[in-house]
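Colleague: I would like the atomic coordinates for the input below:
(2 chains)
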Amino acid sequence: DTGVSQDPRHKITKRGQNVTFRCDPISEHNRLYWYRQTLGQGPEFLTYFQNEAQLEKSRLLSDRFSAERPKGSFSTLEIQRTEQGDSAMYLCASSTPVLGGREEQFFGPGTRLTVL
Amino acid sequence: QKEVEQNSGPLSVPEGAIASLNCTYSDRGSQSFFWYRQYSGKSPELIMFIYSNGDKEDGRFTAQLNKASQYVSLLIRDSQPSDSATYLCAVPSGTYKYIFGTGTRLKVLA
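Modeller: Predicted coordinates for the structure are as follows:
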């Protein structure tokens, strides 16, 4: 399977614990996005990487959230001291620039986080 | 005002009818617009992209863009039950960020 993969698919944790999610993008894609989606809402942008550089981070993202893409390939998203409000689906997407402005983001299956 | 607005629906149409989904955006500088389809429990997938005023057709799908009115729509002709999903409008914001609407849930009745 050459699509975007995410691990784990489901994570249940207790409030206050730290969690880390992994995303493996499509291999030739240099752009990687993290989103959060809650029920009835569209994906909410969290952060963007171009290769290993984190070029944009949502102002809504608290300092409990951190993301890395150390070698420009896979990426991790860590949430420290989880809160119940962090419960959501965390989506990773990757893309590559295309002439004409059409950038298709390919989404992974997501990691569903439940904070008890 | 939200940056990207969609009616959450559900929008119910009979099989074979035309489904019309609408999206308004606030940033007059936006240049390109994307429609994603998301089946329940699945991830979004791109179905249409438009950046010029007017219509763009791809099979049963037509995207319509009116930059003066800050309005983009998606028409689905000959709607099928398999088209039942949530349709998300996405607009780039700034250099790297994308803003998604809340999505419109479409139900095609057999």
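
Colleague: for A:Ile79, which non-adjacent residue is spatially closest?
Modeller: What sits nearest to A:Ile79 in space, not counting adjacent residues and going by CB to CB, 6 or more residues apart in numbering or on different chains, is A:Val19, at 5.2 Å. Bear in mind the C-beta positions are built from the backbone N, C-alpha and C, glycine included.

Colleague: contacting residues around that neighbour?
Modeller: With contact set as CB atoms under 8 Å, 6 or more residues apart in numbering or on different chains, A:Val19 has these partners: A:11, A:13, A:78-79, A:82, A:113.

Colleague: only the buried subset of those, as a PyMOL command please.
Modeller: In PyMOL, this line selects whichever of these come out buried by 16 or more other CB atoms under 10 Å in any protein chain shown:
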select buried, chain A and resi 11+13+79+82+113
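
Colleague: make a markdown table from the contacts of A:Val19 and add pLDDT to it.
Modeller: Converted to a markdown table, those look like this (pLDDT from 0 to 100):
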| residue | pLDDT |
| --- | --- |
| A:Lys11 | 98 |
| A:Thr13 | 98 |
| A:Glu78 | 97 |
| A:Ile79 | 97 |
| A:Thr82 | 97 |
| A:Leu113 | 98 |
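
Colleague: name the nearest of the contacts of A:Val19 relative to chain B.
Modeller: Comparing the contacts of A:Val19 against chain B with CB to the nearest CB places A:Leu113 closest, at 15.3 Å.

Colleague: got a list of what that closest one touches?
Modeller: Counting by CB under 8 Å, 6+ apart, A:Leu113 has contacts A:11-13, A:19, A:21, A:79, A:82, A:86-90.

Colleague: give me the pLDDT value at the residue nearest to A:Ile79.
Modeller: On the pLDDT scale, A:Val19 is placed at 98.

Colleague: relative to chain B, how far out is it?
Modeller: Per CB to the nearest CB, to the nearest Å, A:Val19 is found 20 Å from chain B.

Colleague: correct me if wrong, but B:Pro92 is in a strand.
Modeller: Yes. Judged by DSSP: H, G, I helix; E, B strand; the rest coil, B:Pro92 forms part of a strand.

Colleague: do I have it right that it meets B:Tyr25?
Modeller: No. Counting by CB atoms under 8 Å, B:Pro92 does not reach B:Tyr25; the two are 10.2 Å apart.

Colleague: tell me which element A:Thr82 falls in.
Modeller: Of the helices and strands defined by DSSP states H and E, none includes A:Thr82.

Colleague: now it: how far from B:Ile47?
Modeller: Using CB to CB, to the nearest Å, A:Thr82 is found at 34 Å from B:Ile47.

Colleague: equivalent analysis for B:Leu106, please.
Modeller: Taken as CB to CB, the span from B:Leu106 to B:Ile47 is 12 Å.

Colleague: count the neighbours of the nearest residue to A:His10 once chain neighbours are set aside for me.
Modeller: Excluding the flanking residues, the one nearest A:His10 by CB to CB, 6+ apart is A:Arg112, at 5.0 Å. Neighbourhood size, A:Arg112 [other CB atoms under 10 Å in any protein chain shown]: 17.
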